[in-house]
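# here is the input, now give the coordinates:
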Amino acid sequence: MIELDVSRIKNIPGGKEHFLKDFEMRPIDTGIEEIFFNKPVALDLTILNNDGLLNLTGKLEGNVRLACSRCLEFFDMLVFAEMEEVYYNESQNNDLSADDGGEWISFKGDKLDITTEVVKSLLYALPMKLVCRQDCRGLCQNCGVNLNASCCHCPKEETDIRLQVLKQLLEEKE
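Residues are numbered from 1 along each chain as shown. Sure thing, here's the model as predicted:
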C-alpha cells in the first residue's frame, strides 16, 4: 500500500508538501498477464491544499518486466507516468456532494492511500502493443519458432494464411 502522510497540510489552506519516495510494488494482474516490477517505483509528487481539497500532481517512474506480444519473450521497459488527482476529506463538513466532486477521491484520517491511482497511471502509460523491440520478427505462424533467435524451415508459401481456405477451394475446382 502506498500512503502519504498529509497531517501537516490537510487543515492548512494553501499548505504544500513535496514527496520523493520509492515504493515496492506488487505484481499487477491485468487479467491478461501479470506485470512485474524490477525495482521500486519512484514517486515525485506535490500536494497542495486548495481550500480543503488536496491537489496531487507529480511523476512516476517504474521498471517493469513484460512479455512481448510478438515473440512472447520477456523484456524490461522503463515506464514514465504523470499523476493528477484531487482528494477531499470526507470527515470534514465541507458541503461537497457527489456531483460536485466528479473525479475526486475521498480520504479519511491523516494519510492518502494512492495505490490505486499509481497502478492506474502506470497502466495508462504502457503502450497498446508491447514489443521487445520495433524490429521484432515474432513467431513463425506454422511451427512457432522465435524468428529473432533462429530461422524456421517451414516451406514459404506466397498465399496469405488467412486465404488458405480460398486457395483450397480453387484447387478443388481444378
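# list the beta-bridge partners for Val41.
Val41 has these beta-bridge partners by DSSP bridges: Phe23.
# could you list the low-confidence segments of this structure?
92-102, 157-159 (pLDDT under 70).
# in space, not sequence, find me the middle residue of it.
For the chain, the residue nearest the mean C-alpha position is Leu123 (1.3 Å; CA atoms, centre = their mean).
# need phi/psi at that one.
Main-chain torsions, Leu123, degrees, to the nearest 10: phi -70, psi -40.
# start the count at 55 instead of 1 going forward.
That works, and once the first residue is 55, the last one we named lands at Leu177.
# would you check how far apart it and Asn65 are?
Look at Leu177 and Asn65: by CB to CB, to the nearest Å, they are 33 Å apart. Every C-beta, even on glycine, is put in place using the N, C-alpha and C of the backbone.
# end to end on stretch 74-93, go ahead and measure it.
For stretch 74-93, the first-to-last residue distance is 16 Å (CA to CA, to the nearest Å).
# right, and Leu201 touches Asp189 too?
No. Using CB atoms under 8 Å, Leu201 is not in contact with Asp189, being 10.7 Å away.
# neighbour count winner among those two?
Leu201 (15 against 7; other CB atoms under 10 Å).
# what residues does stretch 71-89 touch?
Stretch 71-89 has contacts (CB atoms under 8 Å, 6 or more residues apart in numbering) with 56, 58, 60, 62-63, 90-91, 94-101, 112, 116, 118-121, 172-173, 176-177, 180.
# buried only: go through those for me.
Neighbour counting with 16 or more other CB atoms under 10 Å marks 56, 58, 60, 63, 91, 95, 97, 99, 101, 112, 116, 118, 120-121, 172-173, 176 as buried within the contacts of stretch 71-89.
# in strands, which of those fall?
Using DSSP state E, Leu58, Phe91, Val95, Leu97, Leu99, Ile101, Gly112, Gly116, Val118, Leu120, Ala121 are the members of the buried ones among the contacts of stretch 71-89 that sit in strands.
# got the contact list for the fourth one?
Residues touching Leu97, when contacts are defined by CB under 8 Å, 6+ apart, comprise Ile56, Phe73, Leu74, Lys75, Asp76, Phe77, Gly112, Lys113, Leu114, Val172.
# ok so, going back, for the ones in strands among the buried ones among the contacts of stretch 71-89, which two are the farthest from each other?
Within those, Ile101 and Ala121 form the most distant pair, 35.6 Å apart (CB to CB).
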